[in-house]
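1. coords please:
(one chain, ligands or ions: 3)
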Amino acid sequence: MVDAFAQIFNDDAWASFDPSSDSFTIAGTAAQIMLGEVSGGLGDIETVLELDDARLTFEGGLTDFDLGRFTFFNGSTLWIGEQRSDVFDVLRHAPASTHADNQLIGLDGNDHLLGEYGDDKIDGGEVHDHICGQGGDDMIQGGAGNGFLNGGQGNDVLHGDNGRDNLRGGVAMTA
Ligand SMILES: [Ca+2]
Ligand SMILES: [Ca+2]
Ligand SMILES: [Ca+2]
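-> Numbering: from 1, shown residues only. Ligands and ions are numbered 1, 2, ... in the order given. Next comes the predicted model:
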């Protein structure tokens, strides 16, 4: 959190912090941010949130990341799964974000992830994930393991990564 505060005070153009609610407002969409784990000074895992050249660092890994503390531009949703098989469908689980550019991170487990009309960024993580970007120009990453990736409509970018993947850029599938 020390790093986070230093960054906020140095540059409040991209992120602002509300101490009364202990929450951050990010001046970018959930799909625009880069989120990843790094090892901190004492070998502890930290999560780094980056937007362009600015970054915030938080104690703990992605599964410890408290999503409730963040608000992203245009009502977009950031969602991170557990280390098991998760289902996340933007239309069902984040209906206010169906036209926003969302980011879904499946992590471990056979995840079933569905974007909606926005330009979504979806990363299945490990094992056999089933991902559909639906409308919009989506960025889809299968991660390790056999995946089923479907971009739906729009100019999508699909990365199968390791494993035997089934990639489809064409028409949206029915959920
Ligand atoms: Ca989409
Ligand atoms: Ca997964
Ligand atoms: Ca798409």
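
2. make it CA atoms for all contacts and neighbour counts henceforth
-> Will do.

3. who does the residue sitting nearest the centre point of the chain bridge with?
-> Central residue of the chain (C-alpha atoms, centre = their mean): Q103, 3.2 Å from the mean position. Taking DSSP bridges as the rule, Q103 bridges to L78, K121.

4. looks like it contacts G81 (just checking).
-> No: between Q103 and G81 there is no contact under C-alpha atoms under 8 Å: 11.3 Å.

5. quick one: buried residues of stretch 29-45?
-> Of all the residues in stretch 29-45, those buried under the rule 16 or more other C-alpha atoms under 10 Å are 29-33, 35, 37-38, 45.

6. among those, which are in strands?
-> Counted as lying in strands by DSSP state E, out of the buried residues of stretch 29-45, are 35, 37-38, 45.

7. what separation do you get for E82 and ligand 2?
-> 9 Å (C-alpha to the ion, to the nearest Å).

8. coming back round to it: with pLDDT and distance to ligand 3 added, can I get the ones in strands among the buried residues of stretch 29-45 in JSON lines?
-> Formatted as JSON lines, those follow (pLDDT from 0 to 100; distance: C-alpha to the ion, whole Å):
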{"residue": "L35", "pLDDT": "95", "distance to ligand 3": "21"}
{"residue": "E37", "pLDDT": "94", "distance to ligand 3": "27"}
{"residue": "V38", "pLDDT": "94", "distance to ligand 3": "30"}
{"residue": "I45", "pLDDT": "95", "distance to ligand 3": "33"}
